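S.K.: Give me a 3D structure for the following:
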Amino acid sequence: MARTDNDTWDITESVGATALGVAAARAADTESDDPLIQDPFARVFLDAAGEGMWNWFAAPELPAEIVEAEPDLPLRMRSMRNYMASRTAFFDEFFLAATKAGARQAVILAAGLDSRAWRLAWPDGTTVYELDQPKVLEFKSSTLREHGAEPTAKLVNVAVDLRQDWPKALQEAGFDPSVPSVWSAEGLLPFLPAAAQDLLFERVTALSAPGSRIAVEAHGPGFNDPEVHARQREQMQRIRDLAAKLGEQRDIPDVQDLWYFEDRADVGDWLRDHGWEVSVVPAEELMASYRRPPADVEDSSPRSLFVSAQRL
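M.R.: Numbers count the residues shown, from 1 in each chain. I've put the predicted structure just below:
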């Protein structure tokens with residue numbers, strides 16, 4: 001399903017289904033013998049959504065027919081679970097460090113099935129603003145309410161598409177741009193055109209008082225490599241065809257149909273040029289720091305950079 005202007009989705013469709021894949025990876029790490037993260041709600045979301053290919057990330061074993069046809073797939077999926085666990089730990093630690101340093105407004109852009117507002121030990125007085133499409137936020141909130149979960153901070157849902165005037169919606173929801181805040185853009189940028197990425201950071205900068213912080217999962221060198229994406233697309237289609245033969249009723253979309261492969265500004269450079277002090281860590285280095293290195297197979301982890309910055 002290709003992207004269109006002002007498209008929307010349910011949690012099992014399009015961009016929503018990718019959030020379930022991330023939740024499955026988080027569930028797999030949480031339930032492993034040596035977990036890096038603790039996300040007890042990831043499994044809750046999967047159970048509520050029902051069966052689908054996204055559950056393969058959280059399954060102890062893949063279907064034998066799939067492994068026979070794609071023998072490298074278990075290693076690739078383990079590597080992706082390690083990537084998602086490392087990514088989650090990075091943003092968890094960033095939020096906690098920023099709020100420990102005094103920030104009391106946290107803004108999660110494109111919150112998806114992120115459950116930080118329910119599982120992190122936020123300092124007293126912290127408000128977490130979650131921005132995403134209405135259907136996504138409603139699924140998450142209703143699922144967790146039915147599970148008996150309570151947020152660990154003051155939670156404010158801001159139901160808005162990030163292609164719309166979200167700064168207005170955020171401020172109408174109570175956000176105060178005159179005091180330091182902490183922001184995250186996790187798993188977001190590939191879903192935005194290049195111009196929308198620039199606009200996103202222009203808006204964040206305009207709303208960020210000195211001392212504010214932001215963490216971003218950004219494109220690294222080679223992220224748009226067409227040969228890599230061609231290999232990944234071919235493998236995904238083979239897996240999709242095999243899954244159909246096995247009777248899978250729900251599909252997980254090919255993210256390449258949902259991403260915008262456009263040349264775009266380097267996030268670290270952009271932030272430096274607009275008054276932020278920046279540090280950058282490549283994905284493989286971040287994973288190694290958490291003792292979750294990528295698998296020794298081709299294209300085993302995204303070509304991403306993890307950017308953290310503070311407003312001067």
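S.K.: if I read this right, residue 187 contacts residue 109, doesn't it?
M.R.: No - when contacts are counted by Cβ atoms under 8 Å, residue 187 is not listed as touching residue 109 (9.9 Å). From N, CA and C alone the C-beta is placed, and that goes for glycine too.
S.K.: out of the two, which sits in the busier spot?
M.R.: Legend: neighbour count by other Cβ atoms under 10 Å for residue 187 and residue 109, higher for residue 109 (25 against 21).
S.K.: So what pairs up with that one in the strands?
M.R.: With DSSP bridges applied, residue 109 shows beta-bridge pairing to residue 131, residue 185.
S.K.: and it, what is it in contact with?
M.R.: Residues near residue 109 by Cβ atoms under 8 Å, 6 or more residues apart in numbering: 131, 162, 183, 184, 185, 188, 200, 204.
S.K.: closest to residue 93 among those?
M.R.: Minimum distance to residue 93 across those is 11.5 Å, recorded for residue 184 (Cβ to Cβ).
S.K.: Secondary structure class of residue 222, three-state.
M.R.: Judged by DSSP: H, G, I helix; E, B strand; the rest coil, the three-state class of residue 222 is coil.
S.K.: Filter the contacts of residue 109 down to the buried ones, ChimeraX style.
M.R.: Buried members of the contacts of residue 109, defined by 16 or more other Cβ atoms under 10 Å, are picked up in ChimeraX with:
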select :131,162,183,184,185,188,200,204
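S.K.: Among the contacts of residue 109, name the least confidently predicted one.
M.R.: pLDDT across these is lowest for residue 162, at 90.
S.K.: That one touches residue 200, doesn't it?
M.R.: Yes - between residue 162 and residue 200 a contact is recorded at 6.7 Å, counting by Cβ under 8 Å.
S.K.: Now do the helices in the stretch 151-300 of the chain.
M.R.: 166-172, 194-206, 226-245, 267-273, 283-289 (DSSP state H, counting those that start in this stretch).
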